[in-house]
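Undergrad: Pasted the sequence and its predicted model underneath.
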Amino acid sequence: MFFDLHNPRANMRNICRSIVLAVLLPGLNALAADSTKELSWSSVKLEGAHLQLVSPKDKDSSSDLFFGKSGILTITSCSKDTCVGPVTAWKIENNRLKTGYKPDEGSALINVTADKLTLREPSGKLVVYAIKSRR
């Protein structure tokens, strides 16, 4: 934001625009979150959660994650009329969400709201999930 010492009306206009944008547009684009910052997973209860992929995804596909007890993760992936539902493992380790049976770098938590969760994968790609339910 630019401030002009000789034009207080322009300054007030810029401040008002910023406030309007901050109030009206949060959550409009979860990817607008600062992707360089990482949040702690300690505040997110994944056990019992159902997440649904929002972005990026193909037009005729869907992906749902169901986080069960004891580190069980059920993934339902559909493409057109075909769905698969593998069962794998999940854990939080070194502030990363790790899924599957082979160790990897895991996903960093970038943003979490009441209805969305944004992750950064080890490749740097941002992934957004809708939080469908929590138990």
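TA: Everything's here; your move. All figures in this text were calculated on a predicted structure; none of them were measured in a lab.

Undergrad: Find the nearest non-adjacent residue to residue 100, please.
TA: residue 88 (5.2 Å; Cβ to Cβ, 6 or more residues apart in numbering). Bear in mind the C-beta positions are built from the backbone N, C-alpha and C, glycine included.

Undergrad: what bridges to that neighbour?
TA: Beta-bridge pairing for residue 88 (DSSP bridges): residue 73.

Undergrad: Then the one 4 residues further on?
TA: For residue 92, the residues forming beta bridges with it (DSSP bridges) are residue 97.

Undergrad: domain parsing for the chain?
TA: The chain is divided into the following domains under automatic domain parsing: 1-29, 33-133.

Undergrad: quick one: secondary structure of the most centrally placed residue in the chain?
TA: Geometric centre of the chain, nearest residue: residue 118, 1.3 Å, by Cα atoms, centre = their mean. Secondary structure assignment for residue 118 (DSSP: H, G, I helix; E, B strand; the rest coil): strand.
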